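In: Okay, predicted coordinates and the sequence, questions at the end:
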Amino acid sequence: MSYSNYYNMVKAIMIEKGMDFEEVHVLPNQESAFLLKSPMGKVPFLETQDGLLSETGVMIDYIDSLKIGPSLYPEDLFAQAKVKELIRHLELYIELPARRLYGDVFFGNPATAELKGQVKLQLEKGFASLQHLAGFDPYLAGKEMSYADFYYRFSVSLATIVCKKALNWNALSEQPNIKALMDLMDERESIQKVQADQARDA
């Protein structure tokens with residue numbers, strides 16, 4: 001499902017690691033056969049030789065544990081925890097608030113002014129706290145790229161579209177460091193491959 005940010009971050013990470021994998025096109029649904037594979041009926045899920053996994057963070061940790069290609073977690077345990085802290089922050093305080101306006105921006109379901117106001121406040125707080133938490137040196141967690149940067153690329157990009165289209169707020173330009181890291185990630189061949197596949201499937 002090439003327009004899903006969570007699908008794309010898992011895919012980009014597998015490409016980055018040089019892994020062999022097969023993509024199967026499927027849409028989220030609540031059919032009983034599908035729920036046996038993805039209990040919430042969501043995409044992505046991962047079918048492995050040992051069984052099925054759902055939830056993006058779980059899949060990425062499993063992929064990391066396979067030790068194929070370079071790990072994108074630091075070796076230091078506290079530094080690893082800081083990467084996971086950034087990932088959780090992006091999920092809870094940027095991606096989830098922005099998702100409340102996906103219907104308005106992507107699916108033609110207008111949001112109320114009240115909802116837009118609530119989301120704007122949440123995103124302002126999420127972006128502000130990200131500035132305190134992230135290093136942007138040049139990557140989120142410092143000088144080395146990590147899994148957090150893939151979460152960032154595919155969550156913040158959608159959030160800034162929501163800001164512009166639903167809230168008339170050019171967060172991509174107005175928030176410090178946001179565009180610089182986005183541009184840096186877009187130089188990765190893995191990201192370019194995902195973007196090309198998105199354009200093909202559009």
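Out: That came in fine, so what should we check first?
In: contacting residues for residue 8?
Out: By Cβ atoms under 8 Å, 6 or more residues apart in numbering, the residues touching residue 8 are 2, 154, 194, 198. Yep, even glycine has a C-beta here, placed from its N, CA and C like the rest.
In: any idea which element it lies in?
Out: helix 5-16 (DSSP states H and E).
In: C-alpha coordinates for that helix, CSV please?
Out: Taking C-alpha atoms only, helix 5-16 is exported to CSV below (Å, rounded to 0.1, in the frame of the first residue of the first chain):
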residue,chain,number,x,y,z
ASN,A,5,3.6,6.2,5.6
TYR,A,6,4.1,3.2,7.9
TYR,A,7,4.3,0.8,4.9
ASN,A,8,6.9,3.0,3.3
MET,A,9,9.1,3.4,6.3
VAL,A,10,9.4,-0.4,6.7
LYS,A,11,10.0,-0.8,2.9
ALA,A,12,12.7,1.9,2.8
ILE,A,13,14.5,0.4,5.8
MET,A,14,14.5,-3.1,4.1
ILE,A,15,15.9,-1.5,0.9
GLU,A,16,18.5,0.4,2.9
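In: following the one helix or strand residue 33 maps to, which helix or strand comes up?
Out: Assigned by DSSP H and E, residue 33 belongs to helix 32-35. Downstream of helix 32-35, the next assigned helix or strand under DSSP H and E is strand 45-48.
In: So what are the structural domains in the protein, by residue number?
Out: 5-65, 77-194 (automatic domain parsing).
In: any chance of those domains in JSON lines, plus distance to residue 71 and mean pLDDT?
Out: JSON lines is the format used below for the domains of the chain (distance: least, Cβ to Cβ, whole Å; pLDDT from 0 to 100):
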{"stretch": "domain 5-65", "distance to residue 71": "6", "mean pLDDT": "96"}
{"stretch": "domain 77-194", "distance to residue 71": "9", "mean pLDDT": "96"}
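In: ranking those domains by burial, who's on top?
Out: The highest mean neighbour count among these, using mean count of other Cβ atoms under 10 Å, belongs to domain 77-194: a mean of 17.
In: what does stretch 137-156 rub up against?
Out: Against stretch 137-156 from outside (Cβ under 8 Å, 6+ apart): 5-6, 8-9, 12-13, 16, 60, 64, 72-74, 79, 82-84, 86-87, 90-91, 94-95, 98, 134-135, 178, 180-182, 184-186, 191.
In: now stretch 28-37: how far from the chain's centre is it?
Out: Mean-position distance between stretch 28-37 and its chain equals 23 Å (Cα atoms, centre = their mean, to the nearest Å).
In: export that stretch as PDB, just CAs?
Out: As requested, the backbone C-alpha atoms of stretch 28-37 are provided in PDB (Å, rounded to 0.1, in the frame of the first residue of the first chain):
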ATOM      1  CA  PRO A  28      -6.700  -2.600   5.100                       C
ATOM      2  CA  ASN A  29      -9.900  -4.500   5.800                       C
ATOM      3  CA  GLN A  30     -11.900  -6.300   8.400                       C
ATOM      4  CA  GLU A  31     -12.400  -9.600   6.600                       C
ATOM      5  CA  SER A  32     -11.900 -12.600   8.800                       C
ATOM      6  CA  ALA A  33      -9.200 -14.200   6.700                       C
ATOM      7  CA  PHE A  34      -7.200 -10.900   6.700                       C
ATOM      8  CA  LEU A  35      -7.600 -10.500  10.500                       C
ATOM      9  CA  LEU A  36      -5.800 -13.800  10.900                       C
ATOM     10  CA  LYS A  37      -2.700 -12.100   9.400                       C
END
